[in-house]
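Engineer: pasted the sequence and its predicted model underneath.
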Amino acid sequence: MLVSPTATATSIEQQTIHDLRSILPQIDNLNDGYVLRWLRAKGGRFDETAESLRKHVTFRNAWHLDTIHQWTPPECLEKYCGYGLLGDTEGRPILMSLLGNVDVEGLLRSVASLDYIKFSLAAIEKGMKLCEQKAAESGRPFEQMTLVFDLENITSAHFSCKQFASSFTTLVSLFQDHYPMVLRKILIIRAPEMARIAYASITAILQDPITRLVEMPSESDWKWSLAQIVNLEGWPMYWGGNLVENGDPKCPSRIKYGGGAVDESYFVDPKKAMADYDQLTTVYAGDKHLIQIKVKRPSRISWTYMTDEDDIGFEIHYDKTGACDKLTEMETVYPYIRLECTNVPITGHLDVTDVGNYVLEFDNYYSWFSAKQLRYNIEIEDL
């Protein structure tokens with residue numbers, strides 16, 4: 001007999017959650033349902049769950065996810081990225097992503113790849129909040145949502161744009177690593193043949209729990225597939241339902257349609273994007289560039305960086321002893337992220353309260369042939 005993934009925690013699971021809290025004070029602000037998802041995703045294995053949660057909290061802190069609802073995304077993202085949050089027949093969230101309607105080349109000439117990823121994470125976090133509300137109503141420890149990708153208007157640019165391919169792959173990796181058991185289903189609708197071929201090519205980076213959730217109906221059957229999970233009376237007519245809003249079948253108060261070519265006024269000129277920078281260095285293929293900072297009081301470490309070509313990895317390590325000479329022995333306080341930063345600089349900050357040595361790492365270790373010309377600014381301010 002199959003047990004629902006959202007079933008009430010067993011007594012053994014409840015004790016394990018208690019034990020996890022005893023060794024991980026950093027998860028105090030995560031409710032039991034949140035921790036239970038991780039425990040079940042890791043098959044009940046205590047050590048693996050503890051290590052994954054420790055890394056997850058570091059990730060949430062570094063990306064400021066607990067306060068992401070206060071973040072104001074770049075106007076270009078709000079204007080051109082289509083998405084919306086609706087509900088299924090039982091009131092669980094459905095996150096709509098109008099991926100096919102996005103001018104990916106224009107978008108990533110206008111906003112940092114980090115902001116595009118953060119914008120997507122913000123939508124997922126909104127869905128998570130709705131899941132928590134639904135769980136409180138249903139009495140289950142946690143609820144799951146459905147993700148619907150609408151690929152109408154998708155073009156070859158979605159597959160050939162290197163910056164988008166890199167950013168989307170990074171987003172998928174972050175989702176797999178940090179949102180286990182969040183999804184009930186991934187429904188890909190209006191997918192042309194080129195999209196089906198592209199999906200087959202990316203399955204190598206998808207973990208098995210994700211691939212088992214994917215459903216990609218034929219272009220003629222997508223309405224039928226949606227009808228199995230939604231109430232058509234409350235679903236926008238443009239996506240197969242019966243709902244019209246002031247004569248508009250897209251129901252713009254519920255779903256931001258976005259779309260269209262990004263206006264060139266949003267484009268960033270890479271040659272002018274970092275006209276003033278503190279350092280210029282070459283990070284050779286297979287090499288790293290390290291910056292050591294001694295923090296003597298609570299501080300904000302801020303950074304801006306870009307390369308002349310392709311992506312580069314970034315991570316921050318912490319050594320409270322001041323004696324470590326190996327990065328692998330230091331604590332990771334800003335987890336590794338590899339981002340395209342040729343067109344638009346990457347900007348970020350990390351607030352640190354512990355004194356000691358911090359090492360900022362720019363990583364080109366994964367590259368076999370390409371050296372990267374790196375420009376960057378690093379600032380330290382008291383909190």
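Structural biologist: Ah, there it is. Numbers count the residues shown, from 1 in each chain.
Engineer: need the per-residue pLDDT for residue 135.
Structural biologist: With respect to pLDDT, residue 135 scores 96.
Engineer: quick check: which element contains it?
Structural biologist: Using DSSP states H and E, residue 135 maps to helix 113-138.
Engineer: so which residues of the stretch 101-250 of the chain form helices?
Structural biologist: Taking DSSP state H, counting those that start in this stretch as the test, the helices found in the stretch 101-250 of the chain are 104-107, 113-138, 157-160, 162-178, 193-202, 208-211, 222-227.
Engineer: reformat the ones you listed as CSV; add mean neighbour count.
Structural biologist: All C-beta spots, glycine's among them, are computed from the backbone N, C-alpha and C. CSV is the format used below for these (neighbours: other Cβ atoms under 10 Å):
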stretch, mean neighbour count
helix 104-107, 22
helix 113-138, 19
helix 157-160, 15
helix 162-178, 17
helix 193-202, 13
helix 208-211, 12
helix 222-227, 17
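Engineer: for those helices, which one sits closest to residue 26?
Structural biologist: Proximity to residue 26 (Cβ to Cβ) singles out helix 162-178 among the helices of the stretch 101-250 of the chain, at 14.6 Å.
Engineer: got a list of contacts for that closest one?
Structural biologist: 55-56, 59-60, 104-105, 107-108, 113, 116-117, 120-121, 124, 157-159, 202, 205-207, 210, 310-311, 337-340, 342-343 (Cβ atoms under 8 Å, 6 or more residues apart in numbering).
Engineer: repeat the analysis, applying 6 Å as the threshold.
Structural biologist: The contact list for helix 162-178 (Cβ atoms under 6 Å, 6 or more residues apart in numbering) reads 56, 59, 104, 108, 113, 116, 117, 120, 207, 311, 340.
Engineer: pLDDT averaged over that helix - what is it?
Structural biologist: Mean predicted lDDT for helix 162-178 stands at 92.
Engineer: strands of the stretch 201-350 of the chain, start to end?
Structural biologist: Using DSSP state E, counting those that start in this stretch, the strands of the stretch 201-350 of the chain run over 214-215, 255-256, 279-283, 288-295, 299-307, 311-319, 331-340, 346-352.
Engineer: show me how far the helix holding residue 135 is from its chain's centre.
Structural biologist: The chain centroid and the centroid of helix 113-138 are separated by 10 Å under Cα atoms, centre = their mean, to the nearest Å.
Engineer: re the thing from before, with distance to residue 36 as extra columns, can I get the strands of the stretch 201-350 of the chain in JSON lines?
Structural biologist: Converted to JSON lines, the strands of the stretch 201-350 of the chain look like this (distance: least, Cβ to Cβ, whole Å):
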{"stretch": "strand 214-215", "distance to residue 36": "24"}
{"stretch": "strand 255-256", "distance to residue 36": "31"}
{"stretch": "strand 279-283", "distance to residue 36": "42"}
{"stretch": "strand 288-295", "distance to residue 36": "36"}
{"stretch": "strand 299-307", "distance to residue 36": "34"}
{"stretch": "strand 311-319", "distance to residue 36": "30"}
{"stretch": "strand 331-340", "distance to residue 36": "23"}
{"stretch": "strand 346-352", "distance to residue 36": "29"}
